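# curious how this folds, go ahead:
(2 chains)
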Amino acid sequence: EAGVAQSPRYKIIEKRQSVAFWCNPISGHATLYWYQQILGQGPKLLIQFQNNGVVDDSQLPKDRFSAERLKGVDSTLKIQPAKLEDSAVYLCASSPSGANVLTFGAGSRLTVL
Amino acid sequence: GENVEQHPSTLSVQEGDSAVIKCTYSDSASNYFPWYKQELGKGPQLIIDIRSNVGEKKDQRIAVTLNKTAKHFSLHITETQPEDSAVYFCAASRSAGNMLTFGGGTRLMVKP
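Sure, this is the predicted structure:
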């Protein structure tokens, strides 16, 4: 089966600019996650969707980060305005409904200058 | 919330030796403990997981043990090979569908 698709793979922006990342999960996976992975650290959950509804966004910095999954399939994560500390890899993952087994995409590496 | 500590942060072994990575967790309600392997430029990939109703699980050269009383679990890799070189993450969650909390990662280097 096709894996989790993410784009772009790399993005370099200046601070205060905006950026958007796209994710297409495995077909049929109802649950979609966005994780932030800062260099040398483990992934940290930003937001979890079940179909098109938000399950957990307690660690999402809502003043600058937003995410949507309007049709319950693909998802977009936006950062506006970006800060230097947002430099990280943004990982998208998906899982079947009610399961913990996550399949991750390759990630989108963001560098904020 | 849950807090997962992972040790060591780096581990270097000779090919053929065993490697052990340890994790502790804080939330006694956690009952699902997966291990992920992340190679350079790729996303984490699940390699083995264990649920709280068992104490040990094995899959070929990889095994995981769980001590719920002490709130720690470990990954054991036997007969290490150069292709085992990667960053390994442990994680914990309360139940299916709940968020995973990851440890800080262990960079394993297997020297040929």
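
# please make it C-alpha for all contacts and neighbour counts, starting now.
Noted.

# and the strand or helix carrying residue B:89, which strands flank it?
Per DSSP states H and E, residue B:89 falls inside strand B:86-92. Taking DSSP bridges as the criterion, strand B:86-92 sits next to strand B:32-38 (antiparallel), strand B:101-102 (antiparallel), strand B:106-111 (antiparallel) in its sheet.

# state the pLDDT value of the residue nearest to residue A:67 when sequence neighbours are not counted.
Leaving aside its sequence neighbours, residue A:67 sits nearest to residue A:77 (Cα to Cα, 6 or more residues apart in numbering or on different chains; 4.4 Å). Looking at residue A:77, its pLDDT reads 98.

# about what we covered before: buried stuff in the strand holding residue B:89?
Counting neighbours by 16 or more other Cα atoms under 10 Å in any protein chain shown, one finds that the buried residues in strand B:86-92 are B:86-92.

# need the strands for chain A, in chain order.
Along chain A, the segments classed as strands by DSSP state E run A:5-7, A:10-13, A:19-24, A:31-37, A:44-50, A:53-56, A:65-68, A:75-79, A:88-95, A:103-104, A:108-112.

# return the distance of the fourth one from the chain's centre.
When distances are taken as Cα atoms, centre = their mean, to the nearest Å, strand A:31-37 is centred 5 Å away from the chain's centroid.

# can you list the residues of chain A near chain B?
Contact residues, chain A versus chain B (Cα under 8 Å from any Cα of the partner chain): A:40-45, A:48, A:91, A:97-107.

# picking up where we left off before, could the strands of chain A be laid out in a markdown table, adding distance to residue B:54?
A markdown table is the format used below for these (distance: least, Cα to Cα, whole Å):
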| stretch | distance to residue B:54 |
| --- | --- |
| strand A:5-7 | 34 |
| strand A:10-13 | 41 |
| strand A:19-24 | 34 |
| strand A:31-37 | 26 |
| strand A:44-50 | 27 |
| strand A:53-56 | 28 |
| strand A:65-68 | 37 |
| strand A:75-79 | 36 |
| strand A:88-95 | 23 |
| strand A:103-104 | 23 |
| strand A:108-112 | 36 |
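
# I'm done for today, thanks for sticking with me.
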